[in-house]
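Asker: pasting the structure only:
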């Protein structure tokens, strides 16, 4: 669990609600179902229109990374690559075949298989680099779902404010209905700006940070496998890979 994300989200909520209370307002003022529907549901619809459904679904699922990111396996991966290099130095490339079944990650398994099949260092690097670029592009595209949501939410907030003001203008003759319309107008703006800058955009950046770390892990593996293919000393490989840390 990422405690920083939880603390940050809590501080953001306390800042908004606490500021409202300090000004003498009521927290219940922010509970406006109409504003919520306009901003949240409207933003959801806009993002779904912006992206194909599979990309949208993947982006939504990646939101959990903001609070429970995948484990950082950089150090473990370096040790594994060095172990492979030592094994190849003693027993040859075919000795790596027994590690294929122990590897669940498709990228690792594919790189090992290419190495075992005798791919030279240049072709091995080219192949793995293409896969890394494809992986990064796909992951970042899904992460941008939250960036797009952060762009649409303030606009939907303004739209909610306009709708609220229209409601106010329609009921000028009935003062009892003016308060509700004005509340929807301003609370919709708060929802839009607040969700964009306190939730959607921070989640997008936290996801991109995790993606960058995953790309780095793949570059570690690629560099290590290329080193093995070139016949580099395991100590040299380890020293080079630790530079990624």
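Answerer: That came through, no problem. No experiment lies behind these values; they were computed from the predicted model shown.

Asker: For this structure, which residue occupies the most central location?
Answerer: residue 207 (1.9 Å; Cα atoms, centre = their mean).

Asker: how far away is that one from residue 239?
Answerer: Separation of residue 207 from residue 239 (Cβ to Cβ, to the nearest Å) stands at 31 Å. Heads up, the C-betas are built off the backbone N, CA and C, glycines and all.

Asker: swap in residue 50?
Answerer: 45 Å.

Asker: These two: which is more packed in?
Answerer: Comparing residue 50 with residue 239 by neighbour count (other Cβ atoms under 10 Å), the higher total belongs to residue 50, at 15 against 11.

Asker: Tell me, how many residues neighbour residue 5?
Answerer: 17.

Asker: what about it, which helix or strand?
Answerer: helix 3-22 (DSSP states H and E).

Asker: ranges for the helices of this protein?
Answerer: According to DSSP state H, the chain carries its helices in the segments 3-22, 33-36, 42-50, 53-61, 74-91, 97-100, 106-116, 121-170, 178-195, 201-230, 234-242.

Asker: and of those helices, who's closest to residue 68?
Answerer: Set against residue 68 and scored by Cβ to Cβ, the helices of the chain come closest in helix 3-22, at 8.9 Å.

Asker: Now do that closest one and helix 201-230, the angle between them.
Answerer: 170 degrees (axes from the mean of the first three to the mean of the last three Cα atoms, to 10 degrees).

Asker: Check what pLDDT residue 131 gets.
Answerer: Confidence at residue 131, expressed as pLDDT, is 93.

Asker: distance of the closest residue to it other than its chain neighbours from residue 113?
Answerer: Nearest non-adjacent residue to residue 131, counting by Cβ to Cβ, 6 or more residues apart in numbering: residue 107, 6.3 Å away. Going from residue 107 to residue 113 by Cβ to Cβ gives 11 Å.

Asker: what about the two, which has more around it?
Answerer: More crowded of residue 107 and residue 113, by other Cβ under 10 Å: residue 107, with 17 against 14.
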